[in-house]
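Asker: okay, predicted coordinates and the sequence, questions at the end:
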Amino acid sequence: MQMEYLTPAQQHWQKVMASRRGGVPAEMSRADMTAYENILHRLRADQAQLSNIQGNDRKAAYKRKVLPNYRGWIEGVLESQSGVADEVFTRTLVWHIDAGLYTEALHMAEYAIQFNLPLPDNYNRTLATVLVDEICDWSLAVKASGKEDEVTASLDDLLSLERITAQSDMPDGARAKLYKVIGLTLKNDDKQQALALEYLQKAILIDKDIGVKKEIEQLLRAVRKQEDDTPKK
């Protein structure tokens, strides 16, 4: 089946309708409600297509293809700053993570966490926990594989994730995992090894089984050597 993409005019219409949906319910027109029904219908159709795909790589590729068709709606929701519950917004937020579009996902997540938007019913974790688990589990898997050509969250994305979820409740293991990934990402930069050590130490203090003892020992030696090699004034 050939993929149909929205025109710029259709995306603009989506954006306008999404921003209007955040208004006073009594003032919402039938057109406003129909716009949400239409975008929700599109979401259901894409979910149906995804249910016929088994491999995670293929699912991610499909999501990357269809997400541009939701761009106008997403922009309108963010522009409205209404905090209205919106399954299209929250589900496509998770799809952005699955598709490896981390910067876009975190931009959406900041809004969703600010207004405590509920995730779709099939998620039994908070949004903050979903973000950390999905982004960090993949980063750790790639680091373990040694494959450097796989797309993972950048350091900037990871630091944004830390900032966005700082006030959110989540299991200790998830928080420790985030610190671990940040620490391991910083570890290979000689100028950032002291900071990497701080993150890994925070991780092990939260979860003693997080698996960073070897890295902490290596960084302790490296940081001490740097201190010894620094000329004394």
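Answerer: Received, thanks.

Asker: buried residues in the helix or strand harbouring Ser139, which are they?
Answerer: In this assignment (DSSP states H and E), Ser139 forms part of helix 127-145. For helix 127-145, a neighbour-count test (16 or more other Cβ atoms under 10 Å) marks 127-136, 138-140, 142-143 as buried. For the C-beta atoms, the positions are set from N, CA and C on the backbone; glycine is no exception.

Asker: show me the shaky parts of the chain.
Answerer: Applying pLDDT under 70 to the chain flags residues 1-4, 12-13, 15, 17-18, 20-33, 232-233.

Asker: where exactly do the helices run in it?
Answerer: 8-21, 30-51, 56-66, 71-80, 87-98, 102-114, 127-145, 155-164, 172-187, 193-206, 213-229 (DSSP state H).

Asker: and the contacts of the fifth one?
Answerer: Under the contact criterion Cβ atoms under 8 Å, 6 or more residues apart in numbering, helix 87-98 has outside partners 36, 39-40, 43, 56, 59-60, 63, 67, 70, 73-74, 77, 102, 104-105, 108-109, 112, 117-120, 123, 127, 130-131, 134-135.

Asker: would you mind getting the angle between the helix holding Ser139 and helix 102-114?
Answerer: Counting by axes from the mean of the first three to the mean of the last three Cα atoms, to 10 degrees, helix 127-145 lies at 150 degrees to helix 102-114.

Asker: from the chain's centroid, how far away is helix 127-145?
Answerer: 10 Å (Cα atoms, centre = their mean, to the nearest Å).

Asker: about what we covered before: Thr230: which of the buried residues of helix 127-145 is nearest?
Answerer: Of all those, Lys143 has the smallest distance to Thr230: 29.3 Å, by Cβ to Cβ.

Asker: please indicate which of the contacts of helix 87-98 are buried?
Answerer: Buried subset of these (neighbour count, 16+ other Cβ under 10 Å): 36, 39, 43, 59-60, 63, 67, 70, 73-74, 77, 102, 104-105, 108-109, 112, 117, 119, 127, 130-131, 134-135.

Asker: my read: Ala196 touches Asp190, true?
Answerer: No. Assessed by Cβ atoms under 8 Å, Ala196 is found out of contact with Asp190, at 10.1 Å.

Asker: and the two? Which one has more around it.
Answerer: Ala196 (23 against 9; other Cβ atoms under 10 Å).

Asker: could you measure from the spatially closest residue to Ile135 that is not a sequence neighbour over to Glu110?
Answerer: In this structure, Ile135 finds its nearest non-sequential neighbour in Ala153, 5.1 Å apart by Cβ to Cβ, 6 or more residues apart in numbering. Distance check for Ala153 against Glu110: by Cβ to Cβ, to the nearest Å, it reads 15 Å.

Asker: swap in Arg125?
Answerer: Arg125 is 18 Å from Glu110, by Cβ to Cβ.

Asker: one more: Ala222?
Answerer: Distance, Ala222 to Glu110, using Cβ to Cβ: 34 Å.

Asker: again with Leu220
Answerer: Separation of Leu220 from Glu110 (Cβ to Cβ): 35 Å.

Asker: domain parsing for the chain?
Answerer: Using automatic domain parsing, the domain parsing of the chain gives 1-123, 126-233.

Asker: quick revisit: do you know how far the residue nearest to Ile135 is from Asp121?
Answerer: From Ala153 to Asp121 the distance is 27 Å (Cβ to Cβ).

Asker: do Val94 as well
Answerer: 13 Å.

Asker: which one of those two has more residues nearby?
Answerer: Shown here are Val94 and Asp121; by other Cβ under 10 Å, Val94 has more neighbours (20 against 7).
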